[in-house]
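Asks: Need coordinates for the below:
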Amino acid sequence: MWTELNKSNDSRFNLVKWFSVAAFIAITLIGLVATKYFSNTLMEQVLEHDANVMTEFVNSIVRQDTGIHPAVTVSSEDGAQRLAVFFAQLGKVPGILRANVYSTEKYVIWSSKAALFDKRFDDNPELETSLTGKPVSHISNAHEHNKDEHMDLQHVEGQFVEYYLPIWLSESSSKEVIAVAEIYRVPRGLPEKLKTIQTSVWSGAIIGGLFLFLSLFWIIKRAANIIDKQDASILESQRLLTIGEMASTIAHGLRNPLSSIRSSAELARENENCSDTNQSLDQIMSESDSMDVWVKQYLSVMNSGSVSNETCVLHDLIQESIAGLSSSTINKDISFEKDFTECSINISFNCLVLKQIIVGLLLNAIEAHPVDHKVKVKTEYNANNGLATLWVIDNGVGFNEQDEKRLFDSFFTTKRNGLGIGLYLTKQILERNQGTIHITHDEVNGTIACLTLPAIKL
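Replies: Have a look, this model is predicted:
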């Protein structure tokens, strides 16, 4: 059964592993999309700002430097000459590749490239948008030349920006467009600026994504640890339940054999006149009675479904345990050295359970075969923290460091005929009652079992 439970526990869903993979992929994809989007948006905003500034600049020049109404400037021969002079000067500005002026019918009415005069370009969505009164900026690659008006730009390397700048009838009527100025410009400094912006955005996305991933990873790691502890607690509960059911079955099954053993001993006692034999028979009857009482108490507790605590006198329980073990002929060569604290120690515990814990610790010390045939039992009470401590010490066969780490594991034992559930159950019961147990071994002090429990203040 334990093998099946362990296999189920080992094959369960690895939350941390799969969350890490899924979160990394999701955050990376979201970061890439968001970064690309923000980079493009920032680039569009920068170009849009440049287009608006250049539109205001061109319209201001058309009104002031030419000295003529914009409509006249565009339509008249004298105005066209002045406009040509302005754009010719503009064409000499570093970074300006070409300048064209379109009429509202999409004809080129002036161009720094003479071959484009009187040309009409219908397939030009940027021009159509600009004719509605909105400045347009567009980045083109010099090697593509996907527009007819891009003729003779083979000498340009890299990218250039096309600006379509509407020329308005008046300052108060920005919707009425009388012409569109098209300027091709090499974006000097713009690539570096955009690269800086993109680098900043990418750096921010990486730092933000990493922070988000680590934060979520910490949360899910903590959740996984809590789940692991809950799984371990459930597994321990299942083990305890199974052990309890097994113990109840065994205890119930012992009642009939105990009755038969006591009856047989009683009959033999009546027909036997040998004092030594009678003494052994009396011991059998006494131990059978004690065992029967213990089984009845155990079954009563198990049937009630809960273990009720009561006030237990620690020293009395130790004395009873020692007396029971000393009466056995098997333990005749073992002596118990008692070192009790002067004050009486009262503990809120189930006395039956606590006595069995003490008996178990004493039996472990006896079965270790102490060299001096002594088991030392010591108690102490600390008034500062209200804890009572019980030590059971022997100098018999101990255990190695590896076994020490597993002493409280279920079904682990160093004894040839041991079950490996005594110390395991002891630890579980003590921890549920705010108690602790520690067992250590060294060559000088021997094996020391230390049990602590909160005492009732007198």
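
Asks: helices or strands up against the host helix or strand of residue 45?
Replies: Applying DSSP states H and E as the criterion places residue 45 in helix 15-64. Helix 15-64 sits against helix 70-75, helix 77-91, strand 136-141, strand 159-170, helix 190-271, with contacts defined as 3 or more CB pairs under 8 Å, 6 or more residues apart in numbering; DSSP states H and E. To be clear about C-beta, it is placed using only N, CA and C from the backbone, and glycine gets the same treatment.

Asks: mean confidence for it?
Replies: If you average the pLDDT over helix 15-64, you get 80.

Asks: That one vs strand 136-141, what angle?
Replies: 110 degrees (axes from the mean of the first three to the mean of the last three CA atoms, to 10 degrees).

Asks: Could you give the separation of helix 15-64 from the chain centroid?
Replies: Helix 15-64 has its C-alpha centroid displaced from the chain centroid by 33 Å (CA atoms, centre = their mean, to the nearest Å).

Asks: For the remainder of this discussion, apply numbering that starts at 14.
Replies: That works, and once the first residue is 14, the last one we named lands at helix 28-77.

Asks: Could you find the residue nearest the spatial middle of the protein?
Replies: residue 234 (1.6 Å; CA atoms, centre = their mean).

Asks: For residue 335, give me its contacts.
Replies: By CB atoms under 8 Å, 6 or more residues apart in numbering, the residues touching residue 335 are 349, 351, 375, 390.

Asks: Contacts only, for the second one.
Replies: If a contact means CB under 8 Å, 6+ apart, then residue 351 has 331, 335, 390, 391 as its contacts.

Asks: Please flag which of these sit within strands.
Replies: 390, 391 (DSSP state E).

Asks: now the contacts of residue 351 as JSON lines including pLDDT and distance to residue 324?
Replies: Shown next, in JSON lines, are those (pLDDT from 0 to 100; distance: CB to CB, whole Å):
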{"residue": "331", "pLDDT": "92", "distance to residue 324": "16"}
{"residue": "335", "pLDDT": "88", "distance to residue 324": "21"}
{"residue": "390", "pLDDT": "94", "distance to residue 324": "21"}
{"residue": "391", "pLDDT": "94", "distance to residue 324": "22"}
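
Asks: which one among the contacts of residue 351 gets closest to residue 409?
Replies: Residue 409 lies nearest to residue 390 out of these, by CB to CB, at 14.7 Å.

Asks: Please name the bridge partners of the closest one.
Replies: Note on residue 390: beta-bridge partners residue 351, residue 405, judged by DSSP bridges.

Asks: wait, doesn't it sit right on residue 375?
Replies: Yes - Residue 390 lies in contact with residue 375 (CB atoms under 8 Å); the separation is 7.5 Å.

Asks: Can you pull the domain assignment for this protein?
Replies: Taking automatic domain parsing as the reference, the chain has its domains at 28-201, 234-318, 320-467.

Asks: and the helices and strands packed on helix 28-77, which one is worst for confidence?
Replies: helix 83-88 (a mean of 49).

Asks: about what we covered before: out of the contacts of residue 351, who's nearest residue 422?
Replies: For the contacts of residue 351, the residue nearest residue 422 by CB to CB is residue 390; the value is 26.0 Å.

Asks: The closest one: neighbour count?
Replies: Neighbourhood size, residue 390 [other CB atoms under 10 Å]: 22.

Asks: Now do the same contact list for it.
Replies: For residue 390, the residues meeting the contact criterion (CB under 8 Å, 6+ apart) are 331, 335, 349, 350, 351, 352, 353, 375, 403, 404, 405, 406.

Asks: Distance check, the closest residue to the fourth one other than its chain neighbours against residue 368.
Replies: Counting by CB to CB, 6 or more residues apart in numbering, residue 389 is the residue found nearest to residue 350 once chain neighbours are left out, at 4.5 Å. When CB to CB, to the nearest Å is applied, the distance between residue 389 and residue 368 equals 19 Å.

Asks: ok, residue 352 to residue 442 distance?
Replies: Counting by CB to CB, the gap from residue 352 to residue 442 is 25 Å.

Asks: swap that for residue 49, please
Replies: Separation of residue 49 from residue 442 (CB to CB): 62 Å.

Asks: Tell me which of those two has more neighbours.
Replies: residue 442 (19 against 14).

Asks: So the more buried one sits against residue 362, correct?
Replies: No - Residue 442 is beyond contact range of residue 362, at 9.0 Å (criterion: CB under 8 Å).

Asks: if we can go back for a sec, the contacts of residue 351: which two are farthest apart?
Replies: Greatest spacing in the contacts of residue 351, by CB to CB: 335 and 391 (12.9 Å).

Asks: which ones are touching residue 467?
Replies: Listed by CB under 8 Å, 6+ apart, the contact set of residue 467 reads 360, 361, 399, 400, 401, 447, 448.

Asks: let's see 7 Å
Replies: Contact analysis of residue 467 by CB atoms under 7 Å, 6 or more residues apart in numbering lists 399, 400, 447.

Asks: just residue 48 next, same as before
Replies: Counting by CB under 7 Å, 6+ apart, residue 48 touches 214, 215, 218.

Asks: Let me know the closest of the contacts of residue 467 to residue 244.
Replies: residue 447 (23.8 Å).
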